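Novice: pasting the sequence and the predicted coordinates here, then a few questions.
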Amino acid sequence: MVITERGLRASGYLVVVGRASLGASYSLLCDSTGRTRRLTVRSDSLTSERGLSLTRTPGGPWLDGAGKSPPMPDLDVAFDIDLNASAFTNSLAIRRLGLHQRYGEESITVAEIAVPDLAVEPVQHRYKTIEVSADGARIDHHGPSGHHEITVDRKGFVVNVPRLSYRLG
């Protein structure tokens with residue numbers, strides 16, 4: 001991950017082990033205000049391999065990276081993306097809204113990408129800061145996958161989602 005005055009670039013790999021094991025790699029770019037501008041993701045499972053590239057210009061609609069599909073007007077109000085298999089992508093909205101630094105509550109629409117099929121749809125997420133400290137914050141989160149308490153570091157990056165995910169290192 002690289003953070004500059006121009007924004008954030010991040011990439012990662014997700015592994016889900018179980019009855020429906022899968023893997024996904026992603027690369028994303030956010031502008032200086034924290035809005036997601038580009039996401040490229042590839043996923044593979046026992047039954048399929050897929051790729052998706054989404055791009056959004058300032059003030060413009062979300063488009064697939066190949067430019068072969070029409071704009072996605074249902075996503076026009078979404079400034080953030082959420083990979084449903086990644087706790088990290090919750091960091092994008094938390095950081096953009098500054099909820100790791102202040103008490104607040106926000107309901108937002110995100111462009112949610114389902115892994116492994118990479119279907120994209122607008123969904124509602126609600127974030128509420130329940131504790132702020134020098135080390136980070138605890139955020140109450142409600143979304144399509146349920147209710148979770150998210151712990152973030154002082155920069156707003158997800159450290160722990162109990163019983164679901166935790167950051168290594």
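Specialist: Okay, I see it.
Novice: state which strand of this protein is the longest.
Specialist: strand 120-133 (DSSP state E).
Novice: quick one: strands adjacent to that one?
Specialist: strand 105-113 (antiparallel), strand 136-143 (antiparallel) (DSSP bridges).
Novice: can you show me the helices along the protein?
Specialist: Ranges of helices within the chain are 90-97, based on DSSP state H.
Novice: middle-most residue in it, spatially?
Specialist: Thr89 (2.4 Å; CA atoms, centre = their mean).
Novice: ok, now how distant is that residue from Val16?
Specialist: 14 Å (CB to CB, to the nearest Å). All C-beta spots, glycine's among them, are computed from the backbone N, C-alpha and C.
Novice: now Asp74, nearest residue through space, not along the chain?
Specialist: In space, and not counting its chain neighbours, Asp74 is closest to Pro122: 4.9 Å by CB to CB, 6 or more residues apart in numbering.
Novice: pretty sure the one you found contacts Val77?
Specialist: Yes: with contact defined as CB atoms under 8 Å, Pro122 counts as touching Val77 (7.3 Å).
Novice: looking at the two, which is more packed in?
Specialist: Pro122 (16 against 11; other CB atoms under 10 Å).
Novice: and the more buried one, how far from Gly146?
Specialist: Taken as CB to CB, the span from Pro122 to Gly146 is 18 Å.
Novice: that concludes my questions; thank you for your assistance.
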